[in-house]
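K.L.:
Pasting the sequence and the predicted coordinates here, then a few questions.
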Amino acid sequence: MGIGSLQRCPTDTGSVQLSSQELTWGTPGRCPLCGVVTDHHWFYEVKSVEYDESREWVVDEMVGSQGEVLVSRCMSRACDALALWLKSVDEESGIENVRLVYPQTGVRIPPTEGLVGKEIRLYEEAAAVEKMSPRAARALLRALLEAFLKRYLADAGHSAKRKKLVEVIDLAVERLDLSPTLKMGLSAIREQGNTALHDPYSLIEDANPEDLLWLFQAVDELVEELHVRPQKWADLAGTKDDDEPL
């Protein structure tokens, strides 16, 4: 039975203001649990204290056949969560690799307004598999896009039930007054989602990890443009029934 102890890197400096970026070992980035972009405490030595057969306490590194365990802790006061990493060395090249092993759940949170039932579940599923299967995440975002646009078009009196997604996007741009820039983002979701479904091995998963971030961003902006922003302006401009126009 072992008791763990941690030794922190002495160079930790505190939270920093950064643009959105993925967390890699030893550098600031997005916490895998809370999603905040901040610095982390990096524990380079994780020790186990074991009671061996000779009834002596033995201090040893947390190393197994898969590699050595490392720990980080989010410096966001609202989170303060630990993450587990595994350090291993490639036997042929000698290259050291440190990868996040826990938590593996997605940190993206669906927009608080605008998505319903199955759309929220599709967003959460895409976020959950983003790291393990970027191809699956792309396919799920495509399904979400189609479900969301068809619902919004139907609510606006424009049936798109039997239309292909490329036609649905064109109809949404025309009838829902979506911006040309956003149309490009939605088309990217459709194209990459189609590739993930029909020609998955043509996608190079690690070629540019930022690509998938942009696809999520396109969904967020779509919900913002169709639901959140109009609702907010309507609330701000609304008047009571007994108000006199001035």
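P.N.:
All right, it came through fine. The shown structure was predicted, so the numbers you read here are calculated from the model rather than taken from an experiment.
K.L.:
Tell me which residues of stretch 178-194 come out buried.
P.N.:
178, 182-183, 185-190, 192-193 (16 or more other CB atoms under 10 Å). Any C-beta I mention is one placed from the backbone N, CA and C, and that applies to glycine too.
K.L.:
Now do the buried residues in whichever helix in the chain runs longest.
P.N.:
The residue-count maximum for a helix in the chain (DSSP state H) belongs to helix 134-155. Buried residues in helix 134-155, counted by 16+ other CB under 10 Å: 134-150, 152-153.
K.L.:
With stretch 222-235 instead?
P.N.:
Those would be 222-228, for stretch 222-235 by 16+ other CB under 10 Å.
K.L.:
Next, format the residues you listed as JSON lines and append distance to K163, pLDDT and secondary structure.
P.N.:
JSON lines is the format used below for the buried residues of stretch 222-235 (distance: CB to CB, whole Å; pLDDT from 0 to 100; DSSP: H, G, I helix; E, B strand; the rest coil):
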{"residue": "L222", "distance to K163": "17", "pLDDT": "93", "secondary structure": "helix"}
{"residue": "V223", "distance to K163": "21", "pLDDT": "92", "secondary structure": "helix"}
{"residue": "E224", "distance to K163": "24", "pLDDT": "90", "secondary structure": "helix"}
{"residue": "E225", "distance to K163": "20", "pLDDT": "89", "secondary structure": "helix"}
{"residue": "L226", "distance to K163": "18", "pLDDT": "89", "secondary structure": "helix"}
{"residue": "H227", "distance to K163": "21", "pLDDT": "86", "secondary structure": "helix"}
{"residue": "V228", "distance to K163": "25", "pLDDT": "79", "secondary structure": "helix"}
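K.L.:
can you list those in JSON lines and add distance to C79?
P.N.:
Formatted as JSON lines, the buried residues of stretch 222-235 follow (distance: CB to CB, whole Å):
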{"residue": "L222", "distance to C79": "28"}
{"residue": "V223", "distance to C79": "25"}
{"residue": "E224", "distance to C79": "25"}
{"residue": "E225", "distance to C79": "30"}
{"residue": "L226", "distance to C79": "31"}
{"residue": "H227", "distance to C79": "28"}
{"residue": "V228", "distance to C79": "25"}
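K.L.:
Give me the pLDDT for D170.
P.N.:
The per-residue pLDDT reported for D170 equals 93.
K.L.:
Could you measure from it over to L178?
P.N.:
Remark: distance between D170 and L178 (CB to CB, to the nearest Å) = 10 Å.
K.L.:
what do you get for A81?
P.N.:
37 Å.
K.L.:
can you check T112 too?
P.N.:
21 Å.
K.L.:
go on, E92?
P.N.:
From E92 to L178 the distance is 50 Å (CB to CB).
K.L.:
again, but for S133
P.N.:
Taken as CB to CB, the span from S133 to L178 is 29 Å.
K.L.:
cool, A218 as well?
P.N.:
Following CB to CB, the distance that separates A218 from L178 is 11 Å.
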